[in-house]
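>>> Fold the following and give me the result.
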Amino acid sequence: MQLKKVIADDNVLAFVSDRHPSISKSLGKIYPLAAHGIFIHHLIGNVITYHKGRNVVGMVAKTSKTYRVYT
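Sure, this is the predicted structure:
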């Protein structure tokens, strides 16, 4: 709530976090117009932890780099 006092909600605003549920929930309430992304380091860490040995880490890393917005 303190951050909202200095940074207004906007559809060009983006937050990147570690996918903690409380962060997503709070951002959705406080900044409904803003985009919320996942920091790839944490995503890959989760893939390593939960899908070890399934050969998907490399695919996730490559996929994370395929989508880019150019303006």
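>>> And the host helix or strand of Leu27, what does it pack against?
Applying DSSP states H and E as the criterion places Leu27 in helix 21-30. Packing partners of helix 21-30 (3 or more Cβ pairs under 8 Å, 6 or more residues apart in numbering; DSSP states H and E): strand 14-17, strand 35-38. Placement of C-beta: from N, CA and C, glycine included.
>>> which one of the ones you listed lies closest to Lys52?
Counting by Cβ to Cβ, Lys52 lies closest to strand 35-38 out of those; the figure is 19.4 Å.
>>> can you give me the mean pLDDT across the following helix or strand past that closest one?
Later in the chain than strand 35-38, the nearest helix or strand by DSSP H and E is helix 40-50. For helix 40-50, mean pLDDT is 84.
>>> Name the residues of helix 40-50 that are buried.
For helix 40-50, a neighbour-count test (16 or more other Cβ atoms under 10 Å) marks Leu43, Ile44, Val47 as buried.
>>> any chance of those residues in TSV, plus distance to Met1?
Shown next, in TSV, are the buried residues of helix 40-50 (distance: Cβ to Cβ, whole Å):
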residue	distance to Met1
Leu43	27
Ile44	31
Val47	33
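>>> Name whatever forms a beta bridge with the residue nearest the centre of the chain.
For the chain, the residue sitting closest to the mean C-alpha position, by Cα atoms, centre = their mean, is Ile38 at 1.8 Å. For Ile38, the beta-bridge partners under DSSP bridges are Ser17.
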